[in-house]
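Novice: Got a predicted structure plus its sequence, pasted below:
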Amino acid sequence: MLSAAVSGSFHRHMDAITAAVHELAALSVRVLSPADPRIVAQQGEFLFVASDPVRSVRLVQDRHLESIKAASFLWLVCPDGYVGQSASMEIGYAAAVGVPVFACRAPADLTLRQYVRVVPRINAALKGVKVLTRPKHAEGLLINPHASVEEAHSILDRIAGALAGPSHSGTQRNRIERQVSQLHTTLRLPTVVN
């Protein structure tokens with residue numbers, strides 16, 4: 001199943017963002033972020049949507065970036081060409097991690113246009129994504145907390161079993177170190193929280 005993240009100016013284009021999220025869902029694309037784009041709170045100029053599990057600007061943005069990294073593609077909503085600072089950063093992030101960016105309209109900014117593939121409609125992007133192949137990025141704690149916690153418990157159980165074993169040979173130590181590394185990858189927590 002294809003997955004997507006959606007970026008754009010929440011202040012200028014929220015109706016178009018909401019329409020894009022619903023259209024993607026209707027096309028059987030899993031929208032990782034924003035899954036539910038109804039505005040529910042605000043901190044300064046930052047808008048929180050219903051699918052934001054916490055009310056921390058940094059954690060919400062980190063979660064959106066993780067969603068972009070895990071997504072099959074990023075859908076950019078900029079019907080008048082305007083792309084705000086946050087969406088600009090998200091396009092750059094997508095480009096850096098190899099996630100294709102699609103939009104129905106090119107950004108007004110010449111540099112951003114170099115990173116956005118313009119298509120006539122969303123379903124044309126789906127055809128373009130199927131042609132592109134890239135390694136799958138697992139969903140971490142910020143994107144899918146329940147699955148990440150279950151996986152973390154499973155890894156911790158394996159570590160506990162290895163530690164309770166009769167010897168701590170080099171092979172066993174290596175196995176434990178791999179499990180700890182896998183635990184870190186599964187959780188993928190942000191290093192700095194505001």
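Specialist: Good, I have the coordinates. Just so it is clear, the structure is predicted and the values come from calculations on it, not from any experiment.
Novice: can I assume residue 102 sits in a strand?
Specialist: Yes - judged by DSSP: H, G, I helix; E, B strand; the rest coil, residue 102 forms part of a strand.
Novice: Wait, it touches residue 76, no?
Specialist: Yes - taking Cβ atoms under 8 Å as the contact criterion, residue 102 and residue 76 are neighbours in contact, 6.9 Å apart. Using the backbone N, CA and C atoms, a C-beta is placed for each residue, glycine as well.
Novice: any weak-confidence spans in this structure?
Specialist: 130-148, 165-170, 184-194 (pLDDT under 70).
Novice: Do a quick rundown of the strands in it.
Specialist: In the chain, the strands defined using DSSP state E lie at 3-8, 30-33, 39-43, 46-49, 73-77, 101-103, 117-118.
Novice: Dump these to JSON lines, plus mean neighbour count and distance to residue 176.
Specialist: Shown next, in JSON lines, are the strands of the chain (neighbours: other Cβ atoms under 10 Å; distance: least, Cβ to Cβ, whole Å):
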{"stretch": "strand 3-8", "mean neighbour count": "26", "distance to residue 176": "32"}
{"stretch": "strand 30-33", "mean neighbour count": "22", "distance to residue 176": "32"}
{"stretch": "strand 39-43", "mean neighbour count": "12", "distance to residue 176": "42"}
{"stretch": "strand 46-49", "mean neighbour count": "18", "distance to residue 176": "40"}
{"stretch": "strand 73-77", "mean neighbour count": "26", "distance to residue 176": "37"}
{"stretch": "strand 101-103", "mean neighbour count": "23", "distance to residue 176": "40"}
{"stretch": "strand 117-118", "mean neighbour count": "16", "distance to residue 176": "44"}
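Novice: In JSON lines: the ones you listed, plus distance to residue 164.
Specialist: What follows is these, written out as JSON lines (distance: least, Cβ to Cβ, whole Å):
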{"stretch": "strand 3-8", "distance to residue 164": "38"}
{"stretch": "strand 30-33", "distance to residue 164": "38"}
{"stretch": "strand 39-43", "distance to residue 164": "46"}
{"stretch": "strand 46-49", "distance to residue 164": "44"}
{"stretch": "strand 73-77", "distance to residue 164": "45"}
{"stretch": "strand 101-103", "distance to residue 164": "48"}
{"stretch": "strand 117-118", "distance to residue 164": "53"}
